[in-house]
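Student: Please work out how this folds:
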Amino acid sequence: MFAITVDAPGGAEVLHFTEVVDPEPHPGEVRIAVHAAGVNRADILQRKGFYPPPQGITDILGLEVAGVIESTAGDSRWKVGDEVVALLAGGGYGEFAVVPDGQCAPLPQGLSMIEAAAIMEIAATVVSNFNHIRLCPGETILIHGGAGGIGSFAIPYAKHLGLTVITTVGNPTKADHARNLGADAAIDYHEDWESQVRDVAPAGVDAIVDIMGAKYLEAHVNLLTRGGRMVVIGLQGGTKGTLDLNKLLGKSGTITATSLRFRPVEEKAAIVTEVVQDIWPLFEAGTIPLPTITTFPLADARLAHERLESGENVGKIVLVNSAL
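Tutor: I've put the predicted structure just below:
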């Protein structure tokens, strides 16, 4: 098959469309003929050498795909020819991908392969982390990157759950986009965003979904209300910061961190099941809108990464296998 490979950590120029050996499914796995693959920030981190795959997982990029079951290994609830969307630990940027049986799901009714490939990873990430920090109706949540992939789902889903949503974005156009998704406040992170969050929520925020890590750590502790919870899901702003434990203690605050990619297969299968049961109906009914989607041919993954890193993209980017 052909796949996108990385010859050395670096910029988008290290991505190459190369012929590689077809992946073979092991017992409990299926092989998918990939029609479309979602592009995520984690892919960029891996390309740069900062986010290696779990042990035993291919180093080919890609955490979500939509396609057709091409083969199975052992007993499976899927049969050859089934259309599925899947959550991967790696390997999505290829003509075929191997994934555990339980991490596959049927496409939401009425959605195309491209649309389905844009929503699995963001839905699984947001749902699992919202559950992790025990959100309740009436609370206020701060979500960074309101116009990106995560934000495009997290904002309307949080509103569906009855939350007040504050988000940060990079420019006025993205602020308008976030407000159209339901954000109660959209703040430019180039400005004094911490003070502006405080203007909207004088008592602080109950929850924070943090994609930045170290860069925003002190500000986040300042903004937490008593009993506030923060979950770190990304490290775009670095890995080592200063934590005022006395301030956190005084607020009875909680800081936690999760990685969907490194969870055991059984946990990821359970999350996929929850997404199908609770989230697919929201997309099917139009209760939550699909993200804005920009597509590139699989062979042009370099251009897709450049687009995502430019800061100009809104919503999700999807690679399309033009050979199918």
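
Student: check contacts around N222.
Tutor: 194, 247 (C-beta atoms under 8 Å, 6 or more residues apart in numbering). Quick note: C-beta positions are derived from backbone N, CA and C, even for glycine.

Student: is it fair to say it lies in a helix?
Tutor: Yes - using DSSP: H, G, I helix; E, B strand; the rest coil, the assignment for N222 is a helix.

Student: Please enumerate the helices of the chain.
Tutor: Under the criterion DSSP state H, the chain contains helices at 41-47, 113-117, 120-132, 149-160, 172-181, 193-200, 217-223, 245-250, 265-274, 280-284, 301-309.

Student: Those helices into JSON lines, with extra columns for mean pLDDT and distance to G28?
Tutor: Formatted as JSON lines, the helices of the chain follow (pLDDT from 0 to 100; distance: least, C-beta to C-beta, whole Å):
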{"stretch": "helix 41-47", "mean pLDDT": "96", "distance to G28": "24"}
{"stretch": "helix 113-117", "mean pLDDT": "98", "distance to G28": "23"}
{"stretch": "helix 120-132", "mean pLDDT": "97", "distance to G28": "19"}
{"stretch": "helix 149-160", "mean pLDDT": "97", "distance to G28": "29"}
{"stretch": "helix 172-181", "mean pLDDT": "96", "distance to G28": "38"}
{"stretch": "helix 193-200", "mean pLDDT": "97", "distance to G28": "45"}
{"stretch": "helix 217-223", "mean pLDDT": "96", "distance to G28": "39"}
{"stretch": "helix 245-250", "mean pLDDT": "95", "distance to G28": "42"}
{"stretch": "helix 265-274", "mean pLDDT": "98", "distance to G28": "8"}
{"stretch": "helix 280-284", "mean pLDDT": "98", "distance to G28": "23"}
{"stretch": "helix 301-309", "mean pLDDT": "98", "distance to G28": "29"}
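
Student: Tell me which of those helices sits nearest to G138.
Tutor: helix 149-160 (11.8 Å; C-beta to C-beta).

Student: where's that closest one relative to the chain centroid, distance-wise?
Tutor: Relative to the centre of its chain, helix 149-160 is centred 11 Å away, using C-alpha atoms, centre = their mean, to the nearest Å.

Student: cool, stretch 78-95 as well?
Tutor: Its chain's C-alpha centre and that of stretch 78-95 lie 17 Å apart, by C-alpha atoms, centre = their mean.

Student: What average pLDDT does it get?
Tutor: The average pLDDT within stretch 78-95 is 98.

Student: quick one: contacts for S322?
Tutor: By C-beta under 8 Å, 6+ apart, S322 lies in contact with 297-299.

Student: what's the closest of those residues to A105?
Tutor: The closest of these to A105 turns out to be L298 (C-beta to C-beta; 21.6 Å).

Student: thinking the closest one is in contact with V320, fair?
Tutor: Yes - L298 is within contact range of V320, at 6.4 Å (criterion: C-beta atoms under 8 Å).

Student: and the two? which has more neighbours close in?
Tutor: Per other C-beta atoms under 10 Å, whichever of L298 and V320 has more neighbours is L298, with 26 against 19.

Student: That one and V21, how far apart?
Tutor: 17 Å (C-beta to C-beta, to the nearest Å).

Student: burial measure for A285, as a count.
Tutor: Neighbour count for A285, taken as other C-beta under 10 Å: 11.

Student: Check the spacing between the residue nearest the centre of the chain and E194 real quick.
Tutor: When C-alpha atoms, centre = their mean is applied to the chain, the residue found nearest the centroid is I122 (3.6 Å). Noted for I122: a distance of 26 Å to E194, by C-beta to C-beta.

Student: now do V265
Tutor: In this structure, V265 and E194 are 39 Å apart, going by C-beta to C-beta.

Student: Same question for V34.
Tutor: V34 is 42 Å from E194, by C-beta to C-beta.

Student: Name the nearest residue to E70, ignoring sequence neighbours.
Tutor: A33 (4.5 Å; C-beta to C-beta, 6 or more residues apart in numbering).

Student: Now do the longest strand that the chain contains and helix 120-132, the angle between them.
Tutor: Taking DSSP state E as the criterion, the chain has its longest strand at strand 29-39. Interaxial angle, strand 29-39 versus helix 120-132 (axes from the mean of the first three to the mean of the last three C-alpha atoms, to 10 degrees): 90 degrees.

Student: partners of strand 29-39 in the sheet?
Tutor: Sheet pairing for strand 29-39, assigned by DSSP bridges, gives strand 64-72 (antiparallel), strand 96-100 (antiparallel), strand 316-320 (antiparallel).

Student: Tell me which of the ones you listed sits nearest to G204.
Tutor: Nearest of these to G204, taken as C-beta to C-beta: strand 316-320 at 30.9 Å.
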